[in-house]
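Participant: quick one: sequence plus predicted model below, questions after.
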Amino acid sequence: MNTLETLNNTSPEQFMEIVGGIFEHSPWIAEKAEKAKPYLSLEHLFQEMVIVVETSSLEQKLSLIKAHPNLGEKVSMTTESTTEQKGAGLQDLTPKEYDTILDLNKRYMEKFNFPFILAVRGKNKDQICEAMKTRLQNDKVREFQTALEEIYKIARFRLEDKLSDLSITKNKPFFL
């Protein structure tokens, strides 16, 4: 049975197998966070990963944001992104909904030069469209920070999922 203690005792390679994909196409975050072992709690691990991002360069942060796919587009994505978007109904859009999402993505990308990021778990396609329309009104500095905050939400969901796969049930509190 894998526990926090087991995670703390993994080799760097085993650690990367477990949590290397928490941040979309950005294993460098887990690689740096691995050096903070042992973790006192799952929250400690998550916070170490956030610290890695927060202390990274502006270019690294932008690369992290750009590593995410546009929502609703029919492109190759990580398994996690595919599952998250499918759960929000973005894989089953009508042609009209698909055109709307494509248009919003295009306008967003033209304005901010990075993809719209939203932790879609628990949201439906209408809520996602509304969020896109609302956030198009933001300035670039605010939207950059909002994108990072949404990435943190996505990463937390993924971390909880990965650790649930390690026999830590969702019914237990996240803080150990």
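Facilitator: Cool, got the structure. Residues are numbered from 1 along each chain as shown.

Participant: poorly predicted segments of this structure, please.
Facilitator: 1-3, 73-77, 81-82, 88, 164-176 (pLDDT under 70).

Participant: for the residue most central in space within it, give its distance to N9.
Facilitator: The structure's the chain has its C-alpha centroid closest to I154; by C-alpha atoms, centre = their mean the separation is 3.2 Å. Per C-beta to C-beta, to the nearest Å, I154 is found 27 Å from N9. C-beta: built from backbone N, CA, C; applies to glycine.

Participant: contacts only, for L148.
Facilitator: V53, K61, L64, I65 (C-beta atoms under 8 Å, 6 or more residues apart in numbering).

Participant: okay, now the spatially closest residue to V52 that is not a sequence neighbour: neighbour count?
Facilitator: Nearest in space to V52, with sequence neighbours left out and distances taken as C-beta to C-beta, 6 or more residues apart in numbering, is K32 at 4.5 Å. By other C-beta atoms under 10 Å, 16 other residues sit near K32.

Participant: cool, and the one 4 residues further on?
Facilitator: Neighbours of A36 under the rule other C-beta under 10 Å: 14.

Participant: could you pull up phi and psi at it?
Facilitator: Per-residue torsions, A36: phi -90, psi 0 (degrees, to the nearest 10).

Participant: residue contacts, it?
Facilitator: Residues in contact with A36, defined by C-beta under 8 Å, 6+ apart, are H44, L45, E48.
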